[in-house]
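Peer 1: return atomic coordinates for the entry below.
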Amino acid sequence: MLVRILGDSMLTAGGFATCYGTTVAVVSVTAVAARSPERRRDARDVLRILLRRRPR
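Peer 2: Now for the predicted structure:
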């Protein structure tokens with residue numbers, strides 16, 4: 001029973017980690033490849049929030 005619960009929780013955590021990593025990757029690409037400066041700035045702000053980094 002405990003092994004099954006641990007396995008399920010690890011699978012769920014892996015799914016969330018994959019979604020988070022994909023989101024960070026898409027926002028990173030957008031921050032670099034967006035044409036307008038506003039979109040790049042917005043993408044950098046979102047990336048800063050996702051990575052919990054403070055502006056320098």
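
Peer 1: now do stretch 27-39: distance from first to last residue.
Peer 2: 10 Å (C-alpha to C-alpha, to the nearest Å).

Peer 1: next one: S28 from G21, what distance?
Peer 2: When C-beta to C-beta, to the nearest Å is the yardstick, S28 and G21 sit 10 Å from each other. C-beta here means a position set from N, CA and C on the backbone, and glycine is covered the same way.

Peer 1: and after the longest helix belonging to the chain, which helix or strand comes next?
Peer 2: Among the elements of the chain assigned as helix by DSSP state H, the one spanning the most residues is helix 2-33. Using DSSP states H and E, the helix or strand that follows helix 2-33 towards the C-terminus is helix 37-51.

Peer 1: so what's the residue count around G14?
Peer 2: 10 (other C-beta atoms under 10 Å).

Peer 1: nearest spatial neighbour of the residue most central in space within the chain, skipping sequence neighbours?
Peer 2: When C-alpha atoms, centre = their mean is applied to the chain, the residue found nearest the centroid is V24 (3.1 Å). The spatially closest residue to V24, leaving aside those adjacent along the chain, is L50, at 5.5 Å (C-beta to C-beta, 6 or more residues apart in numbering).
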